[in-house]
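Visitor: Here you go, sequence then predicted model.
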Amino acid sequence: MVAEVTEIPFFILLDRFKEIFLAPANYPEMLWIAAPLIITLFLTELYFSRYQFEELGWNSAYGNALVVVFVALDIFRYLFNHQMLETMSLKLALAISVAMLAVLLTVINFLHILPENMAYGLSSKLPLNFIAYIGLILIYSEIPIDFLTLAASIVLLVIVSTVIILLRSLIPTSTEVAEY
């Protein structure tokens, strides 16, 4: 028996996308942690656009993973302040997942467990900040954690990636020569 793929009507997906996109405006208490994530993501991407000869190193990968640790701590602070730690819920499970991912990547990067290319890919700014950002939104907001939210999140990731690619094309590359 083949499972049917459920089609998502465009306007329903668009509404969920708007909910995710506007969540920081609708839940301003998340701005204190979401704004630094967004700002550092774009500024780091601009930096690596200008200095293309530079590569992510173990120290940057480690630092990126630590950022998610701090986001996870903020998520648990939010859950604690809203008495949401007493019983297991989807939000608590998501918070635990984000924290476990953060700790796992921090340990992997600290101990250099994975090959460099794999570790750097997993620990680069975009995937980690995006996971942290979506985790924040789903914890702080009333947006349901379901397939529709996953689909809308993927659309947001594609849009953010496209914006970063466009920004990278506008930033002039440095003429400095790498001294490596």
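Guide: In hand now; what should we look at?

Visitor: In terms of helices and strands, where is Thr149?
Guide: Counting by DSSP states H and E, the element that carries Thr149 is helix 147-170.

Visitor: phi, psi of the closest residue to Val103 other than its chain neighbours?
Guide: Taking Cβ to Cβ, 6 or more residues apart in numbering as the measure, Val103 lies nearest to Val69, with 6.7 Å between them; neighbours along the chain are not counted. Yep, even glycine has a C-beta here, placed from its N, CA and C like the rest. With angles defined as degrees, to the nearest 10, Val69 sits at phi -60, psi -50.

Visitor: which ones are touching Val69?
Guide: For Val69, the contacting residues are 99, 102-103, 106, by Cβ atoms under 8 Å, 6 or more residues apart in numbering.

Visitor: Weed out the non-buried ones from the residues you listed.
Guide: Burial of the contacts of Val69 was assessed by neighbour count (16 or more other Cβ atoms under 10 Å); the buried members are 99, 102, 106.

Visitor: so what's the second one up against?
Guide: Looking back up the chat, that one is Ala102. Under the criterion of Cβ under 8 Å, 6+ apart, the neighbours of Ala102 are 65-66, 68-69, 71-72.

Visitor: That one in helix, strand or coil?
Guide: When the structure is split into helix, strand and coil by DSSP: H, G, I helix; E, B strand; the rest coil, Ala102 lands in helix.

Visitor: Count residues in the vicinity of the nearest residue to it once chain neighbours are set aside, would you?
Guide: The shortest distance from Ala102 to any non-neighbouring residue, by Cβ to Cβ, 6+ apart, is to Val68 (3.8 Å). For Val68, the number of neighbouring residues by other Cβ atoms under 10 Å comes to 24.

Visitor: Which residues are in contact with Val68?
Guide: Neighbouring residues of Val68 by Cβ under 8 Å, 6+ apart: 98, 101-102, 105, 128, 131-132.

Visitor: Out of those, which is nearest to Pro28?
Guide: Taking Cβ to Cβ as the measure, Pro28 sits nearest to Ala132 out of the contacts of Val68, at 17.9 Å.

Visitor: next helix or strand past whichever strand or helix holds Asn109?
Guide: Per DSSP H and E, Asn109 falls inside helix 90-111. Scanning forward in sequence from helix 90-111, with DSSP H and E defining helices and strands, the next element found is helix 116-122.

Visitor: for the helix or strand just after that next one, what is the average pLDDT?
Guide: Once helix 116-122 ends, the next helix or strand along the chain (criterion: DSSP H and E) is helix 125-140. With pLDDT averaged residue by residue, helix 125-140 scores 94.
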